[in-house]
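Q: Quick check, what structure comes out for this input:
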Amino acid sequence: MTVQSIENISKGRYRIQLEDGRKFVLYRAELSRLGIREKEEISDDILNEILTAILPKRAKLRGLNLLKARPYTEYQMRQKYIDGEYPQAVIDEAIEYLKSYHYIDDYEYCNTFIMYKSASRSRRRIVNDLLSKGVDKSVIYAAMDDMEHTGDLADESDLILRLLNKRHYCSETASFEEKQKMIAFLYSKGFEMDNIKSHV
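A: Numbers count the residues shown, from 1 in each chain. Here you go, the predicted model:
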């Protein structure tokens, strides 16, 4: 296999492209140690070492380091690996490793997110936020249903009332225009219209 090109993409990091189109990133010291040079052959043994040892180990450590700062969904972690230009097989291996130890767990991510956000956001808004993070809809609703059964999911009516009180809104004295404005405000927050109208 011939090395088609070696491109310096940042300090000490190089993108290697093979003649078959595959790409991966190595550090300068690794290029030197492995004897990889542009337009020269790379042995199967060295390529195997890169794809099955060097890059998978690096990807796993990268994932663990990212997770020290904050939790990630599987989709978000995959995007980090894609941005780092890891080969797909390496990404899959690293993701399976992180999932096997529950370092990434979309169901648990949903539980934490819903618990934290349900006191200030509508359920529809929470669902949309989690969908934007790449979480499967079935996982979101499973977590939400489980939390509702255990009583850990905030009641939307209570949340609407808190928002109305915070804005010093009184349905008995509000004008038609004030009511319409409040309906629009609550709808923009993701609350269902029937629930809004029952309070406004």
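Q: now the farthest one out in this structure, which residue is it?
A: Most distant from the centre of the chain: residue 173, at 44.7 Å, with distances by Cα atoms, centre = their mean.
Q: Could you break this protein into its assigned domains?
A: 3-100, 106-150, 156-197 (automatic domain parsing).
Q: possible to save those as a markdown table with mean pLDDT?
A: Formatted as a markdown table, those follow (pLDDT from 0 to 100):
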| stretch | mean pLDDT |
| --- | --- |
| domain 3-100 | 96 |
| domain 106-150 | 92 |
| domain 156-197 | 86 |
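Q: Most tightly packed of those domains?
A: domain 106-150 (a mean of 17; mean count of other Cβ atoms under 10 Å). Just so you know, the C-beta spots here come from the backbone N, C-alpha and C atoms, and that holds for glycine as well.
Q: From the opening residue of it to its closing one, how far?
A: End-to-end distance for domain 106-150, by Cα to Cα, to the nearest Å: 19 Å.
Q: contacting residues for residue 90?
A: 24, 51, 55, 56, 59, 81 (Cβ atoms under 8 Å, 6 or more residues apart in numbering).
Q: Using the three-state scheme, assign it.
A: Under the three-state scheme (DSSP: H, G, I helix; E, B strand; the rest coil), residue 90 adopts helix.
Q: Please apply the same query to residue 16.
A: strand.
Q: who's it bridged to?
A: Residue 16 forms beta bridges with residue 6, residue 24, as assigned by DSSP bridges.
Q: hang on, it packs against residue 30?
A: No: counting by Cβ atoms under 8 Å, residue 16 does not reach residue 30; the two are 9.7 Å apart.
Q: Spit out the residues that contact these two alike.
A: Joint contacts of residue 16 and residue 30 (Cβ under 8 Å, 6+ apart) are residue 36.
Q: Confirm that residue 31 lies within a helix, as I assumed.
A: Yes: counting by three-state DSSP, residue 31 falls inside a helix.
Q: ok, it to residue 66 distance?
A: 25 Å (Cβ to Cβ, to the nearest Å).
Q: What of residue 104?
A: From residue 104 to residue 66 the distance is 10 Å (Cβ to Cβ).
Q: that older thread, which one among the contacts of residue 90 gets closest to residue 165?
A: Distance to residue 165, by Cβ to Cβ, is smallest for residue 81 among the contacts of residue 90, at 45.5 Å.
Q: so what's the backbone phi/psi at the residue most central in space within the chain?
A: The centroid of the chain falls nearest to residue 76 when counting by Cα atoms, centre = their mean (2.8 Å). Note on residue 76: its backbone torsions stand at phi -60, psi -40 [degrees, to the nearest 10].
Q: Would you mind confirming that it makes contact with residue 135?
A: No: look at residue 76 against residue 135 with Cβ under 8 Å: they stay out of range, at 9.4 Å.
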